[in-house]
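Enquirer: Need the 3D shape of this:
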Amino acid sequence: MINPASELSAIEFSSNNLLGFKSCWVDTTPVSWPVYLYKTTDGGLSWPYCYLLSNASFAEIVTNIRWIEGTTNWYYSTETFSGNRIFKSTDNGEHWNPMVLNLIQDQVVCMSLVKKNNKVWGYATTANRLIFQLAGESVGINKIESTIPLEYMLYQNYPNPFNPATKIKFEIPSSENGKWKMKNGLVTLVVYDALGKEVATLVNEKLQPGEYETSFDGSKLSSGIYFYKLSAGDYQETKRMVLIK
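Expert: Numbering: from 1, shown residues only. Model (predicted):
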């Protein structure tokens, strides 16, 4: 139950509108400003999960909460008079870890998170009207094995059929070991419908050799047959998957 005097500072829901997070702070000055992060799994009808983020004289107020579509990754950014931080969760908010920021020379007055080119970027505006672009972090794709494969491989998605999400694993070899040469390291993984229309780009970036896994969320699509295509240099492979609702 939220204190009636609390202030809502940020809120975000996933695409199914069931899982969501919000942050509130309570003005109890001159004692403290407690700041809480709440989690719901029923679309906001109840918020039973609560994390106390701060209980200090100068609260670390949450300014943005962002969910990365098709993943279990969540981010929230904070502001204080002494510093600012961005936190990341890869398990739908069960655990949160801070990302590294280095903006101690100037007071940040506004911070925002955006998704761009399959990465999450933080932008901060300072009191001296300077804009900083914080280090981008790849999202939606995880390197699960550092051993360098001997050849390209695109695996069958799992589960298949799926509803609404599935995982896709692939392997990228080094150019000297692989049968196909890479071009600037660019790898793309694109999903198409049965008519050949592109419905999602899961990967579009330079990758180092290794084994990777990414997720595809079909909650906004109709039941049917879909295809996913991996392209890297001269290598191309396509597999079929089935969405059943």
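
Enquirer: Residue 220 reaches residue 17, doesn't it?
Expert: No - when contacts are counted by CB atoms under 8 Å, residue 220 is not listed as touching residue 17 (11.6 Å). For the C-beta atoms, the positions are set from N, CA and C on the backbone; glycine is no exception.

Enquirer: so what's residue 203 closest to, chain neighbours aside?
Expert: residue 189 (3.9 Å; CB to CB, 6 or more residues apart in numbering).

Enquirer: partner residues bridging that neighbour?
Expert: residue 203, residue 230 (DSSP bridges).

Enquirer: Distance-wise, check it relative to residue 95.
Expert: According to CB to CB, to the nearest Å, residue 189 and residue 95 sit 27 Å apart.

Enquirer: try residue 240
Expert: In terms of CB to CB, residue 240 sits 35 Å off from residue 95.

Enquirer: next one: residue 213
Expert: Taken as CB to CB, the span from residue 213 to residue 95 is 19 Å.

Enquirer: ok, these two, which is more surrounded?
Expert: Higher neighbour count among residue 213 and residue 95: residue 213, with 15 against 10, using other CB atoms under 10 Å.

Enquirer: Sheet partners, orientation included, of the helix or strand containing the more buried one?
Expert: Element membership for residue 213, per DSSP states H and E: strand 210-217. Partners of strand 210-217 in the sheet, by DSSP bridges, are strand 141-145 (antiparallel), strand 165-172 (antiparallel).

Enquirer: Could you give me the buried positions within that strand?
Expert: 210, 211, 212, 214, 215, 216, 217 (16 or more other CB atoms under 10 Å).

Enquirer: Can you pick out the most distant pair from those residues?
Expert: 210 and 217 (23.4 Å; CB to CB).

Enquirer: Scan the helices and strands of this protein for the one with the lowest mean pLDDT.
Expert: strand 137-138 (a mean of 56; mean pLDDT, DSSP states H and E).

Enquirer: which ones are touching residue 93?
Expert: Each residue near residue 93 by CB atoms under 8 Å, 6 or more residues apart in numbering is listed here: 21, 37, 39, 49, 74.

Enquirer: Just the ones of those residues in strands?
Expert: Judged by DSSP state E, the contacts of residue 93 include 21, 37, 39, 49, 74 as members of strands.

Enquirer: Could you dump those residues into CSV with neighbour count and distance to residue 229 added?
Expert: Shown next, in CSV, are these (neighbours: other CB atoms under 10 Å; distance: CB to CB, whole Å):
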residue, neighbour count, distance to residue 229
21, 25, 34
37, 23, 39
39, 17, 36
49, 13, 39
74, 23, 29
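
Enquirer: now those residues as TSV including distance to residue 224 and pLDDT?
Expert: Shown next, in TSV, are the ones in strands among the contacts of residue 93 (distance: CB to CB, whole Å; pLDDT from 0 to 100):
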residue	distance to residue 224	pLDDT
21	32	93
37	38	87
39	33	91
49	35	80
74	30	82
